[in-house]
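Colleague: Give me coordinates for this.
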Amino acid sequence: MPIISDRSGLWADALDPIVRKWFEQGFARRTPLAPSIFNVQMSDRAYEEVSGIGAVGTDAWNVYSISGAVGQADFDQGYKRTYTHVEYPLELQIERKTIDDNKHREVFDAAKRMGDSAAVKRETDAASVFVNAFSGSFLGADGVALCSNSHPFSPQKTASTQDNNGTLSLTKVNVATVREAMMAYTDDVGELVAVMPDTILVPPELEDEAMIIAGSLLQPGTADNDLNPQRGRFNVVPWHYLTDSNAWFMIDSNLMNDSLDWFDRVPLGIVPKVEDKTIRATWIAYMRYSYGWSDWRWIYGNNPS
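Modeller: This next block holds a predicted model:
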């Protein structure tokens with residue numbers, strides 16, 4: 001039985017809440033990972049700028065005891081990152097004859113698949129930060145890739161660099177090595193950042209190995225009774241959209257939340273298009289956002305060959 005038999009165009013108006021419902025169900029089909037990784041914020045501008053600020057050296061706290069004058073919090077300007085929001089529209093057309101012929105399942109599936117595609121688009125874009133972490137095609141504010149062996153300290157201190165790019169495979173020994181390297185990161189005045197890695201981000205192919213390393217009570221892969229020091233230190237996070245089966249990332253989730261940005265200028269929505277609805281109706285889904293990172297000191301990436 002048709003949803004509505006009127007031929008004046010009201011059929012499309014009656015179909016609108018159904019299209020919206022199935023679109024939203026498709027979008028919510030899976031739990032997205034991006035909102036738990038990115039610092040998701042709303043924006044009311046065409047772009048957002050995030051300006052970094054250098055560290056305040058601890059020597060400033062000693063000025064008073066030495067000279068009697070109160071020390072000044074002096075810091076350098078850091079790198080500035082501009083996030084320009086991009087529009088993502090997509091149309092869904094449904095013909096009147098589809099409704100007349102009782103092909104309601106096709107309408108439901110089309111709207112649901114469109115909503116699911118919007119969710120995949122956002123997840124794929126979010127994961128692209130990590131997929132391209134070693135690539136010169138996706139650079140940060142400091143002019144190099146997210147995971148690089150040549151991160152300058154600041155715009156004022158470019159002669160010396162730091163490294164968060166490795167080629168180590170995911171093993172217990174290498175996890176310890178990378179953890180120590182991250183905890184040695186320094187700020188632009190040369191003082192320790194106090195990085196505390198607590199997350200290992202992996203593709204599905206490495207999830208089991210990561211869980212063994214992070215969860216075994218005793219040393220994994222050995223017959224002795226030594227305790228596994230990595231147990232309980234890391235939350236293992238697998239992500240379907242990481243396309244390299246060998247690459248893995250160690251992360252300080254607290255610092256990540258300060259540096260990995262996602263700006264929703266216009267949240268995802270779907271609305272009917274104003275047109276002649278005699279033989280077909282059109283809905284337009286639309287979202288506008290930007291994403292990226294403003295600092296790199298929260299991550300160490302390994303891309304073994």
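Colleague: From now on I want contacts and neighbour counts done on CA atoms only, so please keep to that.
Modeller: Will do.
Colleague: which of the residues in stretch 115-125 are buried?
Modeller: 115, 116, 118, 119, 120, 122, 123, 124, 125 (16 or more other C-alpha atoms under 10 Å).
Colleague: Same check on stretch 33-41?
Modeller: Buried, per 16+ other C-alpha under 10 Å, within stretch 33-41: 33, 34, 37, 38, 39, 40.
Colleague: Stretch 207-214 now?
Modeller: 207, 209, 210, 211, 212, 213, 214.
Colleague: ok, back up a step: can you lay out the buried residues of stretch 33-41 as CSV showing secondary structure?
Modeller: Below are the buried residues of stretch 33-41 laid out as CSV (DSSP: H, G, I helix; E, B strand; the rest coil):
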residue, secondary structure
33, coil
34, helix
37, helix
38, coil
39, strand
40, strand
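Colleague: nearest to residue 300, of those?
Modeller: residue 37 (15.1 Å; C-alpha to C-alpha).
Colleague: Roughly how far does residue 76 sit from residue 302?
Modeller: 30 Å (C-alpha to C-alpha, to the nearest Å).
Colleague: Those two: who's more crowded?
Modeller: Ranked by neighbour count (other C-alpha atoms under 10 Å), residue 76 and residue 302 place residue 302 first, with 22 against 16.
Colleague: Hmm, residue 171 and the more buried one touching each other?
Modeller: No - taking contacts as C-alpha atoms under 8 Å, residue 302 lies outside contact range of residue 171: 11.4 Å.
Colleague: mind listing what residue 119 touches?
Modeller: 27, 28, 32 (C-alpha atoms under 8 Å, 6 or more residues apart in numbering).
Colleague: and the second one, how many neighbours does it have?
Modeller: To tie it back to what came earlier, the one meant is residue 28. Residues near residue 28, counting by other C-alpha under 10 Å: 15.
Colleague: Give the phi and psi angles for it, as a check.
Modeller: Torsion angles at residue 28 (phi, psi; degrees, to the nearest 10) stand at phi -90, psi 10.
Colleague: so who does it touch?
Modeller: Contact partners of residue 28, counting by C-alpha under 8 Å, 6+ apart, are 115, 116, 119.
Colleague: Need the pLDDT of the second one.
Modeller: Going back to what we said before, that points to residue 116. pLDDT, residue 116: 96.
Colleague: Ramachandran angles for it?
Modeller: Dihedral angles (degrees, to the nearest 10) for residue 116: phi -60, psi -40.
Colleague: got it, and the last one?
Modeller: Phi and psi for residue 119, reported as degrees, to the nearest 10, are phi -70, psi -40.
Colleague: in this structure, which spans are strands?
Modeller: 39-42, 47-53, 77-84, 86-95, 151-154, 157-162, 165-166, 199-202, 235-238, 248-251, 260-272, 280-293, 299-302 (DSSP state E).
Colleague: Give the partner strands of the fifth one in its sheet and their orientations.
Modeller: In other words, strand 151-154. strand 157-162 (antiparallel) (DSSP bridges).
Colleague: Return the helix-or-strand element of the chain with minimal mean pLDDT as CSV; C-alpha atoms alone will do.
Modeller: Using mean pLDDT, DSSP states H and E, helix 63-67 stands out as the lowest-scoring helix or strand of the chain, at a mean of 77. The C-alpha coordinates for helix 63-67 follow below in CSV (Å, rounded to 0.1, in the frame of the first residue of the first chain):
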residue,chain,number,x,y,z
VAL,A,63,64.5,35.3,40.2
TYR,A,64,62.9,36.5,43.4
SER,A,65,65.1,34.4,45.8
ILE,A,66,68.2,35.6,43.9
SER,A,67,67.4,39.3,43.3
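Colleague: now that helix, how far from the centre of its chain.
Modeller: 45 Å (C-alpha atoms, centre = their mean, to the nearest Å).
Colleague: mind listing what's buried in it?
Modeller: So, applying 16+ other C-alpha under 10 Å, helix 63-67 has no buried residues.
Colleague: Could you do stretch 275-286 as well?
Modeller: Buried, per 16+ other C-alpha under 10 Å, within stretch 275-286: 277, 280, 281, 282, 283, 285, 286.
Colleague: Same question for stretch 19-33.
Modeller: 19, 20, 22, 23, 24, 25, 26, 27, 33.
Colleague: Could you do stretch 298-305 as well?
Modeller: 298, 299, 300, 301, 302, 303.
Colleague: Residue 161: which of the residues you listed is nearest?
Modeller: Looking across the buried residues of stretch 298-305 and measuring by C-alpha to C-alpha, the closest to residue 161 is residue 300, at 14.7 Å.
Colleague: what about the closest one, distance to residue 108?
Modeller: In terms of C-alpha to C-alpha, residue 300 sits 44 Å off from residue 108.
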